[in-house]
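J.: coords please:
(one chain, ligands or ions: 3)
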Amino acid sequence: MKPINVGLLGVGTVGGGTATVLKRNAAEISRRAGRDIVLKMAANLDLDAARAIVGDGVDVVADGFAVARHPDIDIVVELIGGTGIAKELVLAAIDSGKHVVTANKKLLAEHGNEIFARAQEKGVTVAFEAAVAGGIPIIKALREGLSANHIEWIAGIINGTSNFILTEMRDKGSAFADVLAEAQRLGYAEADPTFDIEGHDAAHKLTIMAALAYGIPMQFDKAYLEGISKLTARDIRYAEELGYRIKLLGITRRTDKGVELRVHPTLIPEKRLIANVDGVMNAVMVKGDAVGATMYYGAGAGSLPTASAVVADIVDVTRLATADPEHRVPHLAFQPDRLADLAILPISEVESSYYLRVNVIDRAGVLAELTRILASEGISIEALIQKGSEREAEAEIVLLTHRVVEKHVNAAIAQIEALDSVTGSVTKLRMEALNG
Ligand SMILES: NC(=O)c1ccc[n+]([C@@H]2O[C@H](COP(=O)([O-])OP(=O)(O)OC[C@H]3O[C@@H](n4cnc5c(N)ncnc54)[C@H](O)[C@@H]3O)[C@@H](O)[C@H]2O)c1
Ligand SMILES: N[C@@H](CCO)C(=O)O
Ligand code: NA
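T.: Ligands and ions are numbered 1, 2, ... in the order given. All right, here's what the predicted structure looks like:
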């Protein structure tokens, strides 16, 4: 069979890794795909840098559209990122009848509904394994491996940069800014690292997983997101004293009231496997009604791990290139005309347990005031510790609550902050047991 021709858009961290893996494992990849896969063209801003990576025999150009529309290209691989030129290029490729492989979670979470509809119309596939949890085959697991299940919830460490920062801060006491610079140097961070540390990137990935798990459209605009930039070393330490690790988790859960879609720092019992996923590693737990709790672990970012997923998608697309479009695995696991219309829950309606840290003036009766307010909002306390404060005559009360709807916690916090004996604002973190 004639070789399948690939055109690469972007030869940076992931694009470079993709060219390397395609070349290094060409023989085995061809045995799997049933035909040779040839990198034919590449577009990049820096032409010399791209040429040095892709080598001779690959036509390197500056204009991505020349690749996306070239008649000899069968599969267009978009590894530029963002929703500007990348979106135009992906749509141009689809309109030219090309299959597309992309690692661009932002593009899919924000414009996936439009892109998949266009691909459907044109009879081409858009594959995106690398967009979620890098090298971990979580898209394949959700779309194919777990297709028998009613999926109840997903919880994942899905931003390598944040997990790397939290780990280095805890293990080495490193400063936030230093670790972030190191994550950028290692090629883990997004072009704008705010997306990593403020939770956008994780929310993009979570949006994609929720769509696959429940058969709903992408609804990134309804996701709740809170990153790690305001997390203090003190709360990380107190959480550890109480037997918990703090991780930036993406959580989606199907409830009777609606679908939870939220990213925030989360206390997890330290004995859970996922609480011990460190550095740039990612892990995703998926709870299905038949299979129970499952977990997928591996490198969530970096050149070769992400390229592993990109190349696997190229192999998949090569195999299906000759198949009847009617019989392909649907983009979002469910048939496009059978998507459900489930509402996303506002965070105030989400039920969770909470870690609260309150700064108080250390005098008799303060604790009673706190517990009275919590009780009045129907919040029961699971654990409570009192700590000395750096400021004389002040103390810190750290307490863990049982599960309660968030609006009640917010109402209690407003009353607590209004007390004369309370100084500053209350720190609130969410906790998840994740015990399947
Ligand atoms: N780095 C990772 O670990 C990782 C992991 C998973 C997914 N991703 C995603 O993969 C994509 C690429 O990320 P990256 O880290 O490789 O980025 P990068 O910045 O290293 O590479 C992007 C490349 O695109 C090229 N480029 C930019 N504009 C272009 C244009 N108009 N025409 C042609 N080329 C252009 C640049 O020259 C650069 O080489 C992003 O969507 C990112 O979110 C990255
Ligand atoms: N910036 C992302 C890359 C992988 O998607 C991360 O740190 O997880
Ligand atoms: Na993946």
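J.: hey, let's count contacts and neighbours off CA atoms from now on
T.: Will do.
J.: care to break this structure down by domain?
T.: Domain assignment of the chain by automatic domain parsing yields the ranges 4-135+303-338, 139-299, 349-431.
J.: Compare those domains and report which one is nearest to ligand 2.
T.: Across the domains of the chain, ligand 2 has its closest neighbour in domain 139-299 (3.5 Å, Cα to the nearest ligand atom).
J.: what about the closest residue in space to Val315 that isn't next to it in sequence, how many neighbours?
T.: Nearest non-adjacent residue to Val315, counting by Cα to Cα, 6 or more residues apart in numbering: Ala33, 5.4 Å away. A count of nearby residues for Ala33, using other Cα atoms under 10 Å, gives 19.
J.: contacting residues for Ala33?
T.: Contact analysis of Ala33 by Cα atoms under 8 Å, 6 or more residues apart in numbering lists 315-316, 318-319.
J.: Am I right that Val263 is in a strand?
T.: Yes - counting by DSSP: H, G, I helix; E, B strand; the rest coil, Val263 is part of a strand.
J.: what is it paired to in the beta sheet?
T.: Leu225, Gly250 (DSSP bridges).
J.: do the same with the one 4 residues further on
T.: With DSSP bridges as the criterion, Leu267 is bridged to Ile246, Met431.
J.: Test my guess that it contacts Tyr238.
T.: No - applying Cα atoms under 8 Å, one finds Leu267 not in contact with Tyr238, separated by 10.7 Å.
J.: More neighbours: these two, which one.
T.: Leu267 (26 against 17).
J.: quick one: contacts for that one?
T.: 239, 244-247, 355, 429-432.
J.: Name the residues of the stretch 101-250 of the chain found near ligand 3, please.
T.: 129-130, 132-137 (Cα under 5 Å from the ion).
J.: Write a PyMOL command that selects only the buried members of the contacts of Ala33.
T.: Remark: buried members of those, expressed as a PyMOL selection using 16 or more other Cα atoms under 10 Å:
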select buried, resi 315+318
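J.: Get me the contact residues on the stretch 201-350 of the chain for ligand 2.
T.: Residues of the stretch 201-350 of the chain lying near ligand 2 by Cα under 6 Å from any ligand atom: 300-301.
J.: I should have written the stretch 51-200 of the chain there, sorry.
T.: 134, 158-161, 188-190, 196.
J.: I'd like the list of these that fall within helices, please.
T.: Secondary structure from DSSP state H places 160-161, 196 of these in helices.
J.: From those, pick the one nearest ligand 1.
T.: Using Cα to the nearest ligand atom, those come closest to ligand 1 at Gly160, 8.1 Å.
J.: Model confidence for Arg363, exactly?
T.: Arg363 carries a pLDDT value of 86.
J.: separation between it and Asn113?
T.: Arg363 is 57 Å from Asn113, where distance means Cα to Cα, to the nearest Å.
J.: For the two, indicate the residue with more neighbours.
T.: Each of Arg363 and Asn113 has its neighbours counted (other Cα under 10 Å); Asn113 has more, 16 against 11.
J.: Contacts for the helix or strand hosting Ala181 next, please.
T.: If you go by DSSP states H and E, Ala181 is part of helix 176-185. For helix 176-185, the external contacting residues (Cα under 8 Å, 6+ apart) are 161, 164-165, 168-169, 189-190, 193.
J.: So which bits of the stretch 1-150 of the chain are right by ligand 1?
T.: Residues of the stretch 1-150 of the chain lying near ligand 1 (Cα under 6 Å from any ligand atom): 9-15, 43-46, 62-64, 79-82, 85, 103-104, 130-131, 134.
J.: hmm, which of the residues you listed are the buried ones?
T.: For those, a burial check counting by 16+ other Cα under 10 Å picks out 9-15, 43-45, 64, 79-82, 103-104, 130-131, 134.
J.: Which of those fall within helices?
T.: Among those, the members found in helices (DSSP H) are 13-15, 64.
J.: of all those residues, which comes closest to ligand 3?
T.: Distance to ligand 3, by Cα to the ion, is smallest for Val14 among those, at 12.9 Å.
J.: The closest one against Val311, yeah?
T.: No - with contact defined as Cα under 8 Å, Val14 does not reach Val311; the gap is 10.6 Å.
J.: Neighbours of the residue of the stretch 151-300 of the chain found nearest ligand 1, how many?
T.: Of all residues in the stretch 151-300 of the chain, the one sitting closest to ligand 1 is Tyr188 (4.4 Å; Cα to the nearest ligand atom). Tyr188 has 23 neighbours, counted by other Cα under 10 Å.
J.: Could you pull up the contacting residues of it?
T.: Taking Cα under 8 Å, 6+ apart as the test, what Tyr188 contacts is 160-161, 280, 301-302.
J.: do that again at 7 Å, thanks
T.: If you count contacts by Cα atoms under 7 Å, 6 or more residues apart in numbering, Tyr188 has them with 160-161, 301-302.
J.: Could you do Val101 as well?
T.: Applying Cα under 7 Å, 6+ apart, we find Val101 in contact with 76-78, 126-128, 310, 313-314.
J.: These in helices, which ones?
T.: Among the contacts of Val101, the ones falling in helices (DSSP H) are 310, 313-314.
J.: which of those has the most neighbours?
T.: Highest neighbour count within the ones in helices among the contacts of Val101: Val310, with 31 neighbours (other Cα under 10 Å).
J.: Could you find the residue in the stretch 201-350 of the chain that comes nearest to ligand 3?
T.: When scored by Cα to the ion, the stretch 201-350 of the chain has Ala309 as its residue closest to ligand 3, at 5.9 Å.
J.: doesn't Ala131 make contact with that residue?
T.: No - counting by Cα atoms under 7 Å, Ala309 does not reach Ala131; the two are 8.7 Å apart.
J.: now the strands for the stretch 251-400 of the chain?
T.: Counting by DSSP state E, counting those that start in this stretch, residue ranges of the strands within the stretch 251-400 of the chain are 259-269, 281-288, 292-299, 351-361, 381-388, 394-401.
J.: For the ones you listed, give me JSON lines that also has distance to Ala181.
T.: Shown next, in JSON lines, are these (distance: least, Cα to Cα, whole Å):
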{"stretch": "strand 259-269", "distance to Ala181": "21"}
{"stretch": "strand 281-288", "distance to Ala181": "18"}
{"stretch": "strand 292-299", "distance to Ala181": "19"}
{"stretch": "strand 351-361", "distance to Ala181": "30"}
{"stretch": "strand 381-388", "distance to Ala181": "33"}
{"stretch": "strand 394-401", "distance to Ala181": "32"}
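J.: can you tell me which of the ones you listed the model trusts least?
T.: Mean pLDDT is lowest for strand 381-388 among these, at a mean of 92.
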